[in-house]
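**Student:** Here is a sequence together with a model predicted from it:
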Amino acid sequence: METSKKIRLMIVGAQKSGTSSLLRYLAQHPDIHTHPQPEMTFFLQEREYTRGYKWAFAKYFAGENDYTEIEDKQLIAKNVMVMHSPEVMQRIYTHNPDMHLVVLLREPVARAYSAYWWARRRGWENIKTYEEALAAEEDRLNEDWFKWRQCAYQYNSIYYPHVKNLITQFGSDHVHCILTDDLKEDAEAVCKQIFHHIGVDTNFKPVIGEKHNQAAMPRSERFNYLFTQFLASHNPLRRAIRKLVPDATAYKLRKTILDWNDKPQKNTESAPPPLNPATRKHQMAYFKPFNEQLAELLDRDLSSWYSI
């Protein structure tokens, strides 16, 4: 199917900052259409990007829908890793230089620690303490950021240089930085602001309350690791399954299997343990100069990040 319809808005970060909830709030709007997958990896994954936007549109947006049902809607997308890669952001700029970008910013230490446990939960991380994972981060990034992007806990919590690059490239009127605390305090107001930016009815009120990707502990980290490795492999069985199962169904099935392996939320063991106070203190000092630069760039008081 031929289409020249471009993405109007993309949530580009940061991971574990409320991006999944925000996407689903926005997607309730009758004049907005988005992908059923948790992330649109087209711009990030080389094997997808080389297939072209026509292919990506069919995979992520058209699906089983009649194109006439979505041709008058604004397309929005999400990938929480893309803002960390100038090369990937250039791909997005080439796609649509007038695109609006949304960046959700969570207090950096809390974001990094949450990301560590998310990686443990999903089978991406096999180092058993947060402190040891931080010590391994530099070597991992020197090896290959793309390979270790899910485990770049500290690096992905340094917001200033990436936000600055986005503003330089797209313009300050197209880059919308929102604190996770803003989303928690008044998600409806945040959605209304975004609706205004992309030119849809601001009177629409999404249903707020459901949370996505909440922290949890798996029953078996080994199972999640093996399952994740299978999904990422070139296994003939995996390829055969993907040819038979539609993308939307495959993503739902994957989520169901991973959620099944999570401990029940009512179980106190399902929540990650608290961060070591000494580690928190050290990381807060590490992030402070970056946070101060970010506060000046955004003209926003971020002092609450130092008192948590």
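**Tutor:** Now that the structure is in, tell me what you want to look at. Numbers count the residues shown, from 1 in each chain.

**Student:** C-alpha only now, for contacts and for neighbours.
**Tutor:** Fine.

**Student:** Which residue ranges of the stretch 51-200 of the chain form helices?
**Tutor:** Using DSSP state H, counting those that start in this stretch, the helices assigned to the stretch 51-200 of the chain run over residues 53-56, 67-70, 86-95, 108-122, 130-143, 145-148, 160-170, 180-185, 187-198.

**Student:** got the CA positions of the longest one in CSV?
**Tutor:** The C-alpha coordinates for helix 108-122 follow below in CSV (Å, rounded to 0.1, in the frame of the first residue of the first chain):
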residue,chain,number,x,y,z
PRO,A,108,18.1,10.0,37.1
VAL,A,109,19.0,7.7,40.0
ALA,A,110,15.5,6.3,40.3
ARG,A,111,15.3,5.8,36.5
ALA,A,112,18.7,4.0,36.3
TYR,A,113,17.8,1.7,39.2
SER,A,114,14.4,1.0,37.8
ALA,A,115,16.0,0.2,34.4
TYR,A,116,18.4,-2.3,36.0
TRP,A,117,15.5,-4.3,37.5
TRP,A,118,13.6,-4.0,34.3
ALA,A,119,16.6,-5.5,32.4
ARG,A,120,16.8,-8.3,35.1
ARG,A,121,13.1,-8.9,34.6
ARG,A,122,13.3,-9.1,30.9
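
**Student:** Any stretches of the stretch 1-150 of the chain with poor pLDDT?
**Tutor:** Where the stretch 1-150 of the chain drops to pLDDT under 70, the residues are 1-4, 64-68.

**Student:** repeat that for 80
**Tutor:** Judged by pLDDT under 80, the stretch 1-150 of the chain has its weakly predicted residues at 1-4, 63-69.

**Student:** Kindly report the same for the stretch 151-300 of the chain.
**Tutor:** Residue ranges of the stretch 151-300 of the chain with pLDDT under 80: 209-270.

**Student:** Surely Met284 is in contact with Tyr306?
**Tutor:** Yes. Counting by C-alpha atoms under 8 Å, Met284 sits close enough to Tyr306 to count as a contact (6.8 Å).

**Student:** what phi and what psi does the backbone show at Glu39?
**Tutor:** Per-residue torsions, Glu39: phi -140, psi 140 (degrees, to the nearest 10).

**Student:** Pull up the gap between the nearest residue to it once chain neighbours are set aside and Glu107, please.
**Tutor:** Among residues not flanking Glu39 along the chain, Asn79 sits closest, at 5.0 Å (C-alpha to C-alpha, 6 or more residues apart in numbering). Distance, Asn79 to Glu107, using C-alpha to C-alpha, to the nearest Å: 19 Å.

**Student:** cool, His176 as well?
**Tutor:** 17 Å.

**Student:** which ones are touching Phe195?
**Tutor:** The contact partners of Phe195, taken as C-alpha atoms under 8 Å, 6 or more residues apart in numbering, are 201-202.
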